[in-house]
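Chemist: Sequence isn't available, so here's the structure alone:
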């Protein structure tokens, strides 16, 4: 193990000079991590590095051995495909955060021979790029695991007519099909050719409507469980043929199929024994839960998984999806419960996912705060984060990242507010229907938050949030004044000044997103963010033109402001649903 440590330390010293002073004479494998008289003892290299980064910064911590696998999962399938250079930076930081496995979630963003539209114009990785990532992670004894899809989540592939023969439903491929078997075999073979691990995640989650599209026309009615288990066995056999021994699968469909309401976390669900027994013994059930903070629910869900007699893996989350920056409150509320219940139920593997739903608008760098704090909670006995250590690992300070995360404490959620249209106001109308004072409360929040941000000039994450916050505040003022002035028969002309402020701030945000995106990601996918912001900017201009038309009597009313607000109705608050009055584009 000493040689592995020396390799990791040599690379880390290029970025973290404190490792230049490290002298280890012997590295012994043991249950506890300690460093004394030149002898380092630890169960694994990842825990050793996590301990050492604290030790070398002057903090003696007691590190326990809570999990064999402390992993993260990076979503690369929602527009943002990391450059190899940025992936290496992520790997280095995660090595110091105690991570020993990283899943790369790739629906179609890898090259597959003979499949020209698989990942076409999506920033797909070449085989050499993925091999370079695997090789670099190996320096730190981090195992890179492919996390792909083999049944659902194929909307990007199936939008092409070229792949019609593979389609059951718009996002689900066709089971019980020779063409599908050939296609999946190509995917698994590609993974086996690239990755060194014997583990693979084959997805199969959220396959809504399975068997009721082209499959139904081909085969008539077949119970969903039978289709699902049959397909699982097929894919698992292919994985075994290509050398993958441990096959992971998201577990939700076992519960959804049994639930009357298609719910995953339905505690009344009892999966029939014949289906539990039908799951191959080498298949691990990944229980994903990013929402439940009630310990009793989490505990019962774990126990329901353990009834299968397959190994259960927990997938929690360090929340960046549906966000513009890491959400500490949501993560603390859920993930700490997940860690506690995993330990209580003797689960040896836990992953913290970082999804990028709805186009990857989040600042990924902010998620390191969550990974660090969850590592502290899982491995350090007193569970107290050390701000100096995180600052040294991350480059920007612990206090700055806490401030960046604070944007999520806004009474109105920042991301749907960003996408909300200035004239339609679909999201804000809905929020006002729930709480008539919420706009004033949120303006007050942003006034205070902006004052906290504006004196910190060096941190990109702070500056990015400052632009966003000023824009969101401006949008709130526009919406409030537009609605009130229109219905109180007051002039709308004063609102034009604020609309011009919003236009300028949107231009700033476009440039800030561009800088962030191109530093970290391949260029593909930036067009989605730019198109959204540019259309929003033009809608501000349209609002100015409509105000002028109304004030000059060219029109006698503004149609969008004539619609009554309410009653409140929970809506899926992604870009497509709040920015447009009609669903007419595919938002991914």
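Modeler: Structure's in. What do you need? A quick note: this is a predicted structure, and the numbers were derived from the prediction, not measured. Numbering: from 1, shown residues only.
Chemist: Next, count neighbours for residue 364.
Modeler: 21 (other C-beta atoms under 10 Å). Where you see a C-beta, it was placed from the backbone N, CA and C, and this is true even at glycine.
Chemist: Next, the contact list for it, please.
Modeler: For residue 364, the contacting residues are 80, 90, 320, 354, 356, 520, by C-beta atoms under 8 Å, 6 or more residues apart in numbering.
Chemist: partner strands of the strand or helix carrying residue 40, parallel or antiparallel?
Modeler: Here residue 40 sits within strand 39-42, counting by DSSP states H and E. Next to strand 39-42 in the sheet, as set by DSSP bridges, lie strand 26-29 (parallel), strand 34-36 (antiparallel).
Chemist: Tell me the pLDDT of residue 99.
Modeler: With respect to pLDDT, residue 99 scores 98.
Chemist: Over to it. Which of the three states is it?
Modeler: Here residue 99 is coil, with the state taken from DSSP: H, G, I helix; E, B strand; the rest coil.
Chemist: for it, phi and psi?
Modeler: Torsion angles at residue 99 (phi, psi; degrees, to the nearest 10) stand at phi -80, psi 130.
Chemist: Quick check, it in contact with residue 69.
Modeler: No - in this structure, residue 99 is not within contact of residue 69 by C-beta atoms under 8 Å, at 9.4 Å.
Chemist: how close does the nearest residue to residue 92 once chain neighbours are set aside sit to residue 398?
Modeler: Closest residue in space to residue 92, ignoring its immediate chain neighbours: residue 15 at 6.2 Å, by C-beta to C-beta, 6 or more residues apart in numbering. For residue 15, the distance to residue 398 equals 18 Å [C-beta to C-beta, to the nearest Å].
Chemist: And these two? Which one has more around it.
Modeler: Neighbours per residue (other C-beta under 10 Å) separate residue 15 from residue 398, with residue 398 holding more: 20 against 14.
Chemist: So the more buried one sits against residue 384, correct?
Modeler: No - Residue 398 lies out of contact with residue 384 (C-beta under 8 Å); the separation is 11.9 Å.
Chemist: Would you mind giving the secondary structure of residue 503?
Modeler: Secondary structure, three-state DSSP: residue 503 is helix.
Chemist: Show me how this structure divides into domains.
Modeler: 61-395, 410-579 (automatic domain parsing).
Chemist: Give the buried residues for the worst-scoring helix or strand of the chain on mean pLDDT.
Modeler: Within the chain, no helix or strand scores below helix 575-579, which has a mean of 90 by mean pLDDT, DSSP states H and E. By 16 or more other C-beta atoms under 10 Å, the buried positions in helix 575-579 come out as 575-579.
Chemist: Contacts only, for residue 417.
Modeler: Contact partners of residue 417, counting by C-beta under 8 Å, 6+ apart, are 410, 427-428, 442, 472, 475-476.
Chemist: quick one on the thing from earlier: which of the contacts of residue 364 fall in strands?
Modeler: Of these, the ones assigned to strands by DSSP state E are residue 354.
Chemist: what's the closest of the contacts of residue 364 to residue 38?
Modeler: residue 90 (31.2 Å; C-beta to C-beta).
Chemist: What pLDDT is listed against that closest one?
Modeler: For residue 90, the predicted pLDDT is 98.
Chemist: could you give me the average pLDDT of the strand or helix carrying residue 332?
Modeler: Following DSSP H and E, the helix or strand that holds residue 332 is helix 328-344. Mean per-residue pLDDT for helix 328-344: 98.
Chemist: returning to that earlier point: any idea which of the domains of the chain is most buried?
Modeler: domain 61-395 (a mean of 19; mean count of other C-beta atoms under 10 Å).
Chemist: how long is that domain end to end?
Modeler: This stretch, domain 61-395, spans 21 Å end to end (C-alpha to C-alpha, to the nearest Å).
Chemist: quick one, strands of the chain?
Modeler: For the chain, the strands defined by DSSP E cover 26-29, 34-36, 39-42, 69-75, 101-105, 143-147, 167-169, 172-173, 199-201, 246-250, 283-288, 312-317, 349-354.
Chemist: Tell me which of those sits nearest to residue 378.
Modeler: Going by C-beta to C-beta, the one of these nearest residue 378 is strand 69-75, 6.3 Å.
Chemist: so what secondary structure elements neighbour the closest one?
Modeler: Here strand 69-75 touches strand 101-105, strand 349-354, helix 368-379, going by 3 or more C-beta pairs under 8 Å, 6 or more residues apart in numbering; DSSP states H and E.
Chemist: What sits closest to residue 129 if chain neighbours are left out?
Modeler: Residue nearest to residue 129 in three dimensions, not counting chain neighbours: residue 84, with 5.3 Å by C-beta to C-beta, 6+ apart.
Chemist: correct me, but that neighbour touches residue 131?
Modeler: No - with contact defined as C-beta under 8 Å, residue 84 does not reach residue 131; the gap is 10.2 Å.
Chemist: How about the contacts made by the residue most central in space within the chain?
Modeler: Compute the mean C-alpha point of the chain, and by C-alpha atoms, centre = their mean the closest residue is residue 355, 1.3 Å away. Taking C-beta under 8 Å, 6+ apart, we find residue 355 in contact with 75, 78, 105, 317, 320-321.
Chemist: do residue 465 as well
Modeler: 324-325, 404, 407, 453 are the contacts of residue 465 under C-beta under 8 Å, 6+ apart.
Chemist: mind checking how far the nearest residue to residue 95 once chain neighbours are set aside is from residue 69?
Modeler: Distances taken as C-beta to C-beta, 6+ apart put residue 140 closest to residue 95, at 3.7 Å, once the chain neighbours are dropped. Distance, residue 140 to residue 69, using C-beta to C-beta: 15 Å.
Chemist: quick revisit: could you give the mean pLDDT of the strand holding residue 40?
Modeler: Averaged across strand 39-42, pLDDT comes to 95.
Chemist: OK, contacts around residue 212?
Modeler: Contacts of residue 212 by C-beta under 8 Å, 6+ apart are residue 169.
Chemist: redo that, cut-off 10 Å
Modeler: Going by C-beta atoms under 10 Å, 6 or more residues apart in numbering, residue 212 touches 168-169, 172, 221-222, 224, 227.
Chemist: From residue 152, how far out is it?
Modeler: Distance of residue 212 to residue 152, computed by C-beta to C-beta: 13 Å.
Chemist: got it, and residue 58?
Modeler: For residue 58, the distance to residue 152 - C-beta to C-beta - is 49 Å.
Chemist: No further questions, thank you.
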